[in-house]
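In: Sequence first, then the predicted structure, then my questions.
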Amino acid sequence: MWTEENDKLKRTFEFNDFKEAFAFMKKVAVVVDDMDHHPTWTNTYNKVEITLTTHDAGNKVTAKDKKLAEAIDQIFENK
Ligand SMILES: C[C@H](O)[C@H](O)[C@H]1CNC2=NC(N)=NC(=O)C2=N1
């Protein structure tokens, strides 16, 4: 689940291997660009850690971050 701390939403997603993690990242990349709202994220083998904040709002959590978090969850659940 997403946690909100220090004006950021954060969630770590775990997969069976790198291939699955990267396939998820590719799907998320399309959606974030369509929404014009981009994550800060890292990938380590089978884990993808995503941080969301709105830079244009002075690095605060806004409705845009919540909407994107839901869209990312949807992608993960349909993996
Ligand atoms: C010009 C462009 O619409 C903006 O820079 C967008 C791009 N992606 C963004 N992503 C995030 N996370 N926050 C923003 O404020 C933001 N702004």
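Out: Cool, the structure landed.
In: The most centrally placed residue in the chain sits in which helix or strand?
Out: Residue closest to the mean C-alpha point of the chain, counted by C-alpha atoms, centre = their mean, is residue 50 at 4.3 Å. With secondary structure defined by DSSP states H and E, residue 50 is part of strand 47-52.
In: and that strand, which strands flank it?
Out: The strands that strand 47-52 pairs with in its sheet are strand 8-14 (antiparallel), strand 40-44 (antiparallel) (by DSSP bridges).
In: who wins for proximity to the ligand among the ones you listed?
Out: Closest to the ligand of the strands paired with strand 47-52 is strand 40-44 (C-beta to the nearest ligand atom; 7.6 Å). No exception for glycine: its C-beta is placed from N, CA and C like everyone else's.
In: mean confidence for the closest one?
Out: Averaged across strand 40-44, the pLDDT comes to 98.
In: Extract the CA atoms of it and return them as PDB.
Out: C-alpha atoms of strand 40-44 as PDB (Å, rounded to 0.1, in the frame of the first residue of the first chain):
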ATOM      1  CA  THR A  40      10.700   9.200  -9.100                       C
ATOM      2  CA  TRP A  41      11.500   5.500  -9.100                       C
ATOM      3  CA  THR A  42      14.200   3.000  -8.600                       C
ATOM      4  CA  ASN A  43      14.400  -0.600  -9.700                       C
ATOM      5  CA  THR A  44      16.600  -3.200  -8.000                       C
END
